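Peer 1: Build the 3D model from these lines:
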Amino acid sequence: MQMTSERKPFLKPEVLAPCGSEESVRAAVNCGADAIYLGQQAFNARQNAANFSGQAFKDTVRFCHLNGVKVYQTLNTLVFDRELSDLKQCVKNGCEAGVDAFIIQDMGVLKLVREWAPQMPIHASTQMTIHTLSGVRFLEELGVKRVVLARELSLKEIREIGQNCKAELEVFVHGALCVSVSGQCYMSGMLGCRSGNRGTCAQPCRLPFSLHGDGTADLSLRDLSAIHSLNELAEAGVKSFKIEGRMKRPEYVAAAVTACVEKLNGKQPDLEQLQAVFSRSGFTDGYLTGKRDKTMFGVRQKEDVAAAAPVLAPLRNLYRMPYQRVSCVGHLEIGAAKPSVLTISDSDGNQARSVGEIPEQAREKSITLDSAKEYLSKMGGTPFYLSDLTGIVEEQLSLPAKTLNAMRRNCIEQLVEIRNKIHEVNFIDYTSDLPPALPVCSQKLRLRVETVEQLAGVDISASESVILPLREVLKQGSISEHVKIIVELPRVSFDEKRLVRDLQQLKALGYEKILVQNPSHIFLGKRMGFQMHGGFGLNITNSYSAAFYKEQGLTDITLSFELNLNQAKRIHRGIPIGLIAYGNLPLMITRSCPIGKYQDCRNCSGYGTLTDRQGKQFEIRCHQEVREIYNSDTLYMADKLEDLAPFDFITLYFTGESNAEVKRVVQEYLSGGGMRNHMTRGLYYRKV
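Peer 2: Next comes the predicted model:
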């Protein structure tokens, strides 16, 4: 009797590949990806990809599961109320196909998926802007299994989160970088009615802008490539390495997956080939090192396009054959006067059994476990490999090679049949009632300003609340009309320890109201006993998202300004809701600095103006850790107040206006003013 054992190492963390087409799926799977992410035709952030539907969607999931690859379905867009029935069908399709998780941005979608598919794992999309430990903990309390961290985090910041959380962490390690934090960008939506938060971004940031009259593309970042840092990221607690690129060709997917797999296997990946297939003037390591300078910026040049042609054919060869990732253990029994038996079990616990011929007495060479393994290991062309073979083989017996091969093939066919079966996730056709609708009340006015000086001489008695940024409140200390102040927390704050100290100081000064803009704010606000008001940064676009934030204890919410008025009016009023009715709206918030291409912080006033190719100017303001870019045209609704009557409050969002301008605008909204030059209605009257 002979026994032997041999095991192939299993790759961890996970390599997660983008798939926007069937060929990209094959490229990802056959090059060694552990998981893929894809979307159906709707509710995914790459609406212009080929995507998947009907039987093709189910077949794709089946193919991946056969090959030991997980499938994560993207539901990572903001959703409107009129789309909820289609969303339900999309979720049901994913459950019937047996996908392994949903990737979600919208809190309303998360709430509904928890009801429809309570057993389905949830992955929080990077567009939730989770960039702190408290943000991760907020999602942990909601039962979220995995959090896709914001792409703007440094390795040090990732490590701090990874060492102190329970949820799985996923980070982007290769692909396009949006200049706006976590892709939370309104530029495409506001300028061209193609919302990045809804999967139709037109990428206006890739077009030429100038700061000082030159034509440099100040908002376009090079593609990220952090493959050289995979080991460090794994040590920091990252469980999944994500590749961006559902709009890119399958050869790109093959190159990126291969590079990641090789790096994790201790080999030196061919990064030159990866750069050739797609780059924007080379790569950047993004924010991992904490160094944010002009080398991050770049555009796709003619040379970049030309470099791809010579590498496409070799890259296609990478995914011609299946990647043998499904580990199998075999057990062989060969004894005198009885049929030989082969049992093969895969790594998921599936088992196949094949009965062969009765062995004969050996005339020359006897069969051994080692010699049998030579034939039983020939699983090329399948996703399986034999990692272990045990058994009992009596001496002086012979069994033809064709019998061993037939037994192996029979077992593999059985395993393929078993693994091809769809394992549906239970879907419950139930939707909870929304909270009772609130009565319509008289509309209130809120003033949001950058500085206290902007309010000098302004009669604030007509306003219900005044919203001031946290930095301004702490600068001023105690302010008269204390009770009216809502303190606006920064939409993004990477230094969470500093934020906690600031909130403690705020509490000590007697302030009770905060404007929350992301999940971490809610986590901290609850624990510190603040009255919380929801800002536009929460991206509320449907009734179930509004209901979710009511459940979290928010007093009221400001709806996304990407809604038109008809959509906004359909939001169920189970919580007081408001709109922004005036202002140069923030289009982007970025951790990289366009101004930094030209001058360092020591010589910078903290302000700048970007000019696009049409001559429109977009103001840039620096706020400590981030920069905000504002719309060139001012949202103005003073002459349309009757259309805003159904809402509980409206906010006048002042940024760089002078004190005189603030006075004038406030008076116009109190009396009903007329439209002025360089004004816009935003998306409020957009037809969709």
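Peer 1: Can you tell me what sits against stretch 257-270?
Peer 2: 11, 13, 15, 17, 27-28, 31-33, 173-174, 227-228, 230-231, 241, 243, 255, 271, 274, 318 (Cβ atoms under 8 Å, 6 or more residues apart in numbering). Yep, even glycine has a C-beta here, placed from its N, CA and C like the rest.
Peer 1: Report all helices and strands that whatever helix or strand residue 89 lives in contacts.
Peer 2: Applying DSSP states H and E as the criterion places residue 89 in helix 84-97. When contacts are defined as 3 or more Cβ pairs under 8 Å, 6 or more residues apart in numbering; DSSP states H and E, helix 84-97 sits against helix 54-66, strand 70-75, helix 107-116.
Peer 1: Kindly calculate the angle that that helix makes with helix 54-66.
Peer 2: Put simply, helix 84-97 runs at 40 degrees to helix 54-66, going by axes from the mean of the first three to the mean of the last three Cα atoms, to 10 degrees.
Peer 1: quick one, helix 84-97 and strand 70-75 angle?
Peer 2: 180 degrees.
Peer 1: State the phi and psi torsions of residue 436.
Peer 2: Backbone dihedrals for residue 436, given as degrees, to the nearest 10, come out at phi -60, psi 140.
Peer 1: Could you do residue 390 as well?
Peer 2: With angles defined as degrees, to the nearest 10, residue 390 sits at phi -120, psi 170.
Peer 1: And the pLDDT at it?
Peer 2: pLDDT for residue 390: 96.
Peer 1: so who does residue 110 touch?
Peer 2: Counting by Cβ under 8 Å, 6+ apart, the residues that residue 110 touches are 104, 122, 142, 144, 548.
Peer 1: Which one (most neighbours) among the residues you listed?
Peer 2: Of all these, the highest neighbour tally under other Cβ atoms under 10 Å goes to residue 104, namely 27 neighbours.
Peer 1: quick one: contacts for that residue?
Peer 2: Contact partners of residue 104, counting by Cβ under 8 Å, 6+ apart, are 75-76, 110, 113, 122-125.
Peer 1: change it to 6 Å
Peer 2: Shown in contact with residue 104 (Cβ atoms under 6 Å, 6 or more residues apart in numbering): 75, 110, 122, 125.
Peer 1: likewise residue 336?
Peer 2: Residue 336 touches residue 394, counting by Cβ under 6 Å, 6+ apart.
Peer 1: Would you mind measuring from it to residue 364?
Peer 2: 17 Å (Cβ to Cβ, to the nearest Å).
Peer 1: one step back: could you dump the contacts of residue 104 into CSV with pLDDT and distance to residue 564 added?
Peer 2: Below are the contacts of residue 104 laid out as CSV (pLDDT from 0 to 100; distance: Cβ to Cβ, whole Å):
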residue, pLDDT, distance to residue 564
75, 94, 23
110, 98, 24
122, 98, 29
125, 96, 24
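Peer 1: which one of these sits closest to residue 281?
Peer 2: The shortest approach to residue 281 among the contacts of residue 104 belongs to residue 125, at 28.0 Å (Cβ to Cβ).
Peer 1: neighbours of the closest one, just the number please.
Peer 2: 25.
Peer 1: how near is it to residue 43?
Peer 2: Relative to residue 43, residue 125 is positioned 11 Å away (Cβ to Cβ).
Peer 1: next one: residue 207
Peer 2: Noted for residue 207: a distance of 27 Å to residue 43, by Cβ to Cβ.
Peer 1: The helices and strands packed on helix 84-97: which one's closest to residue 390?
Peer 2: Ranking the helices and strands packed on helix 84-97 by their distance to residue 390 (criterion: Cβ to Cβ) puts helix 54-66 first, at 25.2 Å.
Peer 1: now the helices for the stretch 301-450 of the chain?
Peer 2: Taking DSSP state H, counting those that start in this stretch as the test, the helices found in the stretch 301-450 of the chain are 302-318, 369-376, 401-419.
Peer 1: For the nearest residue to residue 157 once chain neighbours are set aside, give me the backbone phi and psi.
Peer 2: Using Cβ to Cβ, 6 or more residues apart in numbering and skipping residues adjacent in sequence, the residue nearest residue 157 is residue 494, 6.4 Å away. For residue 494, the backbone dihedrals (degrees, to the nearest 10) come out as phi -80, psi -30.
Peer 1: Tell me which of the helices and strands packed on helix 84-97 sits most buried.
Peer 2: strand 70-75 (a mean of 24; mean count of other Cβ atoms under 10 Å).
Peer 1: between it and helix 107-116, how big is the angle?
Peer 2: Using the same axes, to 10 degrees: strand 70-75 against helix 107-116 is 130 degrees.
Peer 1: Give the burial count for residue 339, as a bare number.
Peer 2: Residue 339: 13 neighbours (other Cβ under 10 Å).
Peer 1: if we can go back for a sec, which one of the contacts of residue 110 sits closest to residue 280?
Peer 2: Residue 280 lies nearest to residue 104 out of those, by Cβ to Cβ, at 28.9 Å.
Peer 1: Run through the bridge partners of that closest one.
Peer 2: In this entry, residue 104 is beta-bridged to residue 75, residue 124, by DSSP bridges.
Peer 1: gap between it and residue 89?
Peer 2: Using Cβ to Cβ, residue 104 is found at 16 Å from residue 89.
Peer 1: From residue 444, how far off is residue 380?
Peer 2: Distance of residue 380 to residue 444, given as Cβ to Cβ: 71 Å.
Peer 1: Between the two, which is the more surrounded one?
Peer 2: Remark: of residue 380 and residue 444, residue 444 carries more neighbours, 17 against 10, as counted by other Cβ under 10 Å.
Peer 1: re earlier: of residue 207 and residue 43, which one has the most company?
Peer 2: Between residue 207 and residue 43, counting by other Cβ under 10 Å, residue 43 is the more crowded of the two (26 against 14).
Peer 1: quick one: that one and residue 74 touch, right?
Peer 2: No: using Cβ atoms under 6 Å, residue 43 is not in contact with residue 74; the gap is 7.5 Å.
Peer 1: Tabulate the CA atom coordinates of stretch 344-351 in CSV.
Peer 2: Provided in CSV are the C-alpha atoms of stretch 344-351 (Å, rounded to 0.1, in the frame of the first residue of the first chain):
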residue,chain,number,x,y,z
ILE,A,344,-12.5,12.6,-6.4
SER,A,345,-13.7,15.4,-4.1
ASP,A,346,-13.3,19.1,-4.9
SER,A,347,-12.5,22.0,-2.5
ASP,A,348,-16.3,22.8,-2.2
GLY,A,349,-17.0,19.3,-0.8
ASN,A,350,-18.6,17.9,-4.0
GLN,A,351,-17.8,14.3,-4.6
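Peer 1: show me the contacts for residue 563.
Peer 2: Residue 563 neighbours (Cβ under 6 Å, 6+ apart): residue 541.
Peer 1: mean pLDDT lowest for which of the helices of the stretch 301-450 of the chain?
Peer 2: The lowest average pLDDT among the helices of the stretch 301-450 of the chain, as it happens, falls on helix 302-318, at a mean of 89.
Peer 1: per-residue confidence for residue 6?
Peer 2: If you check residue 6, the pLDDT there is 35.
Peer 1: What of residue 602?
Peer 2: 67.
Peer 1: Tell me where this structure is predicted with low confidence.
Peer 2: 1-11, 45-50, 212-217, 480-482, 596-603, 605, 675, 688 (pLDDT under 70).
Peer 1: returning to that earlier point: save the helices of the stretch 301-450 of the chain as TSV, and put in distance to residue 570 and mean neighbour count too.
Peer 2: Converted to TSV, the helices of the stretch 301-450 of the chain look like this (distance: least, Cβ to Cβ, whole Å; neighbours: other Cβ atoms under 10 Å):
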stretch	distance to residue 570	mean neighbour count
helix 302-318	45	14
helix 369-376	63	18
helix 401-419	45	18
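Peer 1: Residue 583 is nearest to which of the ones you listed?
Peer 2: Using Cβ to Cβ, those put helix 302-318 closest to residue 583, at 38.4 Å.
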